[in-house]
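1. Okay, structure incoming, though there's no sequence with it:
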């Protein structure tokens, strides 16, 4: 008798998520799943509902209807902290860093949040300082700093860091909690083309080598299409398309959403979503 293959539950999943703010429907019955060891992209014009969906998935906003699951378990009512303990980490559009701490100390904080929470209290609140770290913490911190190209900045205070470096640090701190799924909100914002290419390579290695799942929201559509296994497209709170990068590039509904009307040609491959430079022309809405 042959063994039955069981498909692992998604690391995180939205089922029929609807969000209303008074009479405004920000999201309408949106489904999205992030399988283990995969990269899922989430794109759409400004005002499409991407940030709202991120807030729902991370536990910062309760949906009006629908459910959020992690590894098959309903976490719709769970706090952001509870979801973090279950292996969820995220970054924000604007880096949230602690003035006065160094780059390395931020990564150490992330590691201790998951592996040595009591030390956060003794090191910070009681002004005990960052005592000598265990060897495994030092090793993991060094690995993350190297992976994000931050080794040279390790002992630099975060005050005055360039935006691109600050964004890389926020990703490094999120990785330090060893997440099962990482939500990345505009991770390439502030990075130049070379830094963006390096970031894409690093994120690909994280998925391939460590089994981390990524959900990526980006205005740099080339980055999303080049990195993602599956891409979801939102427009005015409705999911209008889901598919491989090739399918998304050639989908007429996606082309219409970005260009504002049915169009036979335009920026990007086959008239589909264009490069980051094209997005200065995209529709802006509330």
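-> Nice, I can see it. Predicted, not measured: the structure shown is a model, and the values here were computed from it.

2. and residue 232, which of the three is it?
-> strand (DSSP: H, G, I helix; E, B strand; the rest coil).

3. which ones are touching it?
-> Taking C-beta atoms under 8 Å, 6 or more residues apart in numbering, we find residue 232 in contact with 32, 40, 41, 42, 43, 239, 241, 242. Every residue, glycine included, has its C-beta placed from N, CA and C.

4. Can you tell me which of these is nearest residue 72?
-> Nearest to residue 72, judged by C-beta to C-beta, of the contacts of residue 232 is residue 32 at 15.2 Å.

5. so how many other residues sit close to the closest one?
-> By the criterion of other C-beta atoms under 10 Å, residue 32 has 21 neighbours.

6. and if you look at residue 190?
-> Neighbour count of residue 190, defined by other C-beta under 10 Å: 17.

7. again with residue 70
-> Residue 70 - counted by other C-beta under 10 Å - has 22 other residues nearby.

8. From residue 104, how far off is it?
-> Residue 70 sits 30 Å away from residue 104, going by C-beta to C-beta, to the nearest Å.

9. returning to what we had before: by neighbour count, which of the contacts of residue 232 wins?
-> Neighbour max across the contacts of residue 232 (other C-beta under 10 Å) = residue 42, 29 neighbours.

10. my guess is that residue is in a strand, correct?
-> Yes: assessed by three-state DSSP, residue 42 belongs to a strand.

11. pLDDT weak spots in the stretch 101-250 of the chain?
-> 114-133 (pLDDT under 70).

12. Quick one: the helices in the stretch 101-250 of the chain, in order.
-> In the stretch 101-250 of the chain, helices defined by DSSP state H, counting those that start in this stretch lie at 103-115, 117-120, 135-147, 163-175, 193-210, 221-227, 245-249, listed in chain order.

13. can you give me phi and psi for residue 32?
-> When read as degrees, to the nearest 10, the backbone of residue 32 gives phi -160, psi 140.

14. so what's it up against?
-> The contact partners of residue 32, by C-beta under 8 Å, 6+ apart, come to 13, 14, 17, 40, 42, 53, 215, 232, 239.

15. So for this structure, the centremost residue is which one?
-> residue 184 (1.6 Å; C-alpha atoms, centre = their mean).

16. Give me the spatial nearest neighbour of that residue, chain neighbours excluded.
-> Of all residues not flanking residue 184 in the chain, residue 216 sits nearest, at 4.9 Å (C-beta to C-beta, 6 or more residues apart in numbering).

17. so that neighbour touches residue 34, yeah?
-> No: with contact defined as C-beta atoms under 8 Å, residue 216 does not count as touching residue 34 (9.8 Å).

18. on that earlier part again, let me know which of the helices of the stretch 101-250 of the chain is the nearest to residue 155.
-> helix 103-115 (6.2 Å).
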